[in-house]
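Enquirer: sequence-free structure coming up:
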DNA sequence: ACCTGAACACCGTTCAAGT
DNA sequence: ACCTGAACACCGTTCAAGT
C-alpha cells in the first residue's frame, strides 16, 4: 500500500487534526461554530482530548488564523510564483486556486467567506484579514505588472480581478466553474491592453 | 412620605429595571458581562423572571442600545438646550453632564467606555456609536457657532472639546473634578477668539 | 504520549406551578 | 401580572485514570 490514502489510519490525533476539524466547523457553521465540544463530537473523540493539544479555545483560534495566513497567502503565492510560465498562466492558476478546492481542509471559498464574516465581528481578525488582502493585492498587481501594465494600471487591474473574485464567490448559487469562467473572461479583458 | 426615595418599595420589576441591571453589569464588567443569569443574581431574582419581560438576551441588548441613544444623545442635548442661557453656560453644563454622574443608571464615563469597547467587537454597536458621535459633534459645534465661531472653526472646536472629553475620561486614574477642570480650561481657550 | 469519563461551574431558554 | 424552581441542552475547563 504505497500511498497512504486515509485508511482510517491510527486514532491518535495531532494538534493539526484539531485545527482541520475547527476549519471544517468554521466553513460549515461560521465563526461561532468553533466550539470545543461540537468539534469533538464531529471528530468522534472526547473533548478532553482537545486540552492535551491546546491550552484553551483562544489558542486554537489563534492557531487557525496563523494557519490561514500561511495557506491563504504565502503558500498560494508561492505555488503560483513557482509555476514561472509567464504572467498570464500564473494569473490563470491563481484563479484556479482561489475558486477551486471547495473540499480543501483549510481554505476554499466557504472558509474565506466565513473568515470575512468572522472579521466583521472581531477586530483582531479584521486586522489579519486586512493584511492578507493587502498582500494578495500586491501579488496580483505584480503579475499584471509583469504582463506589461504600468504601476498604477496594474494596481487598478488587481483590485478589479480580486474584487470580482470575492464578489462572485459570494453570489448566492454561483458554481465554481461559472465563477472561474467569469474570472477568466475578466482576466482577458484586463490583459487586453485596449481601454 | 412625599418623595418616594428608594424605600425597598415592592419587589415586582419592570422591563426597565432589567435594563438598569444590565447597564450596571455593562459598566462594571464590560459588554460580555451582559448575561441573564449573572444579572439575575445581582438583582436577587430568578433568571426566569427575565423571560417574562424579554424574549431573549438579544432583545435586551437592543433595548439597552436604544435607551442609551436616547439618554446619551437626545435627552442630554435637550437638557442643555433648554437651559437657554447662552452658549458658554450651555457648554459648561454639557461638560458637567458628560463628566458627572458616575452613579447614573444608564450613563456616565464608565458606561460610555464600556459601550465604546462593545463597539470595538460588534459592528451593529459600532454603527450606533458612530451616529451618536456625529449627533453630539453637531450639537457641540452648534453651540460654538452660537458663541461666535464661524462654520468651519465651530466644527474644529467641537472636535477638540469632544475628543478631549473622551480622552480625558479614559485616562487611567483621572478624577471627574480634574477632568471637568481641564475641560473648562480648554473651553475657555476655545472661546477666547485669539488664535 | 494521548485519550476517556466524570466532574465542576457556568450558560440561555422553557415552562408548569405558585402568588 | 409577575415570579420561582426545576429542567433541558448546551458550554469551557480540569483532572484522575486508563492505554
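Expert: Good, I have the coordinates. Everything numeric in this text was worked out from a predicted model, so none of it was measured. Numbers count the residues shown, from 1 in each chain, chains lettered A, B, ... in the order given.
Enquirer: The longest helix seen in chain A to helix B:123-146, inter-axis angle?
Expert: In chain A, assigned by DSSP state H, the helix with the most residues is helix A:123-146. Angle of helix A:123-146 versus helix B:123-146, following axes from the mean of the first three to the mean of the last three C-alpha atoms, to 10 degrees, is 90 degrees.
Enquirer: Tell me which other helices or strands helix A:123-146 touches.
Expert: helix A:57-69, helix A:76-83, helix A:87-99, helix A:108-121, helix A:151-170 (3 or more C-beta pairs under 8 Å, 6 or more residues apart in numbering or on different chains; DSSP states H and E). C-beta coordinates here come from the backbone N, C-alpha and C atoms, glycine included.
Enquirer: repeat that with 10 Å
Expert: helix A:57-69, helix A:76-83, helix A:87-99, helix A:108-121, helix A:151-170, helix A:176-191, helix B:108-121, helix B:123-146 (3 or more C-beta pairs under 10 Å, 6 or more residues apart in numbering or on different chains; DSSP states H and E).
Enquirer: just so I know, which of those helices lies nearest residue A:26?
Expert: In terms of C-beta to C-beta, the element of those nearest to residue A:26 is helix A:108-121, at 4.9 Å.
Enquirer: burial measure for residue A:83, as a count.
Expert: With neighbours defined by other C-beta atoms under 10 Å in any protein chain shown, the count for residue A:83 comes to 12.
Enquirer: ok, now residue A:152?
Expert: For residue A:152, the neighbour count with other C-beta under 10 Å is 9.
Enquirer: Next up, the contacts around it.
Expert: Counting by C-beta atoms under 10 Å, 6 or more residues apart in numbering or on different chains, residue A:152 touches residue A:141.
Enquirer: So which bits of chain A are right by DNA strand D?
Expert: Within reach of DNA strand D by C-beta under 7 Å from any atom of the strand, chain A has these residues: A:35-38, A:47-48, A:50-51, A:55-58.
Enquirer: Name the member of those residues with the most neighbours.
Expert: Within the residues of chain A next to DNA strand D, residue A:50 tops the neighbour count with 22 neighbours, counted by other C-beta under 10 Å.
Enquirer: Where does the prediction get shaky in chain A?
Expert: Within chain A, the segments meeting pLDDT under 70 span A:1-10, A:101-104, A:193-195.
Enquirer: 80 - rerun?
Expert: A:1-11, A:83-84, A:100-105, A:107, A:120-121, A:170-173, A:193-195 (pLDDT under 80).
Enquirer: What parts of it come near chain B?
Expert: Taking C-beta under 10 Å from any C-beta of the partner chain, the part of chain A that reaches chain B is made up of A:119-124, A:126.
Enquirer: Please look at residue A:133 and residue A:162 and confirm they touch.
Expert: Yes: Residue A:133 is within contact range of residue A:162, at 7.9 Å (criterion: C-beta atoms under 10 Å).
Enquirer: Can you pick out the residue with more neighbours from these two?
Expert: Between residue A:133 and residue A:162, counted using other C-beta under 10 Å, the more crowded position is residue A:162 (19 against 15).
Enquirer: That one reaches residue A:141, doesn't it?
Expert: Yes: the criterion here is C-beta under 10 Å, and residue A:162 meets it with residue A:141 at 9.1 Å.
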